[in-house]
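Visitor: Dropping a prediction and its sequence here:
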Amino acid sequence: MRSTELAMQLSEMTLKLDEIVRTYISQLESQFTPTTDSNKDNEIDFQIHRAMCALAVFSHLGPNFATNFKLAKEVMDESLRQASIDPDGKPGQTVTLATNGAFHFSKKRNNNGVALAAKDLMTELRLLGVEKEVIEKAKKSAEKVRAGNTYYQIGAAE
């Protein structure tokens with residue numbers, strides 16, 4: 001399969017999915033009921049309603065597609081293993097793992113990184129004889145507040 005054919009088929013699929021999604025969002029949007037006599041307030045309320053409709057639909061689709069994508073990657077890796085092909089790739093390289101008349105599959109793997117656990121570092125410093133107070137002072141100076149994750153949650157008002 002040529003890359004242009006694949007791109008066209010995927011583009012067509014995306015357009016069809018977008019149309020279906022727009023239809024469902026429109027159905028949800030049509031359930032809006034104005035609550036005041038003020039056009040301005042109702043317009044603002046409708047914009048919020050539209051945003052909630054989109055959140056309801058995409059908060060359902062996003063995890064669903066992400067789960068299916070993860071599953072497809074797992075199936076691909078297992079299929080390669082069954083064909084005695086190492087699916088892990090090589091650090092810092094792009095490796096072609098499979099080709100057929102329709103597709104070309106490769107994996108790009110970033111270079112390996114290094115992780116440093118603060119607790120392990122503190123333990124090693126203690127073992128090297130650094131005073132506990134000095135380690136604690138350094139730890140306190142290096143600590144930074146990190147904002148917590150924000151989760152958008154949408155559900156029926158019932």
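Guide: Ah, there it is.
Visitor: and the residue of the chain most remote from its centre, what does it touch?
Guide: Ranked by distance from the centre of the chain (Cα atoms, centre = their mean), the top residue is residue 129, with 43.6 Å. Residue 129 makes contact with no residue, according to Cβ atoms under 8 Å, 6 or more residues apart in numbering. Every residue, glycine included, has its C-beta placed from N, CA and C.
Visitor: Give the helix, strand or coil label for the residue nearest to residue 77 when sequence neighbours are not counted.
Guide: Among residues not flanking residue 77 along the chain, residue 87 sits closest, at 4.0 Å (Cβ to Cβ, 6 or more residues apart in numbering). What DSSP: H, G, I helix; E, B strand; the rest coil gives for residue 87 is coil.
Visitor: and what of the one 10 residues further on?
Guide: Put simply, residue 97 is strand when judged by three-state DSSP.
Visitor: Pull out the buried residues from stretch 70-77.
Guide: Neighbour counts over stretch 70-77 (16 or more other Cβ atoms under 10 Å) mark residue 77 as buried.
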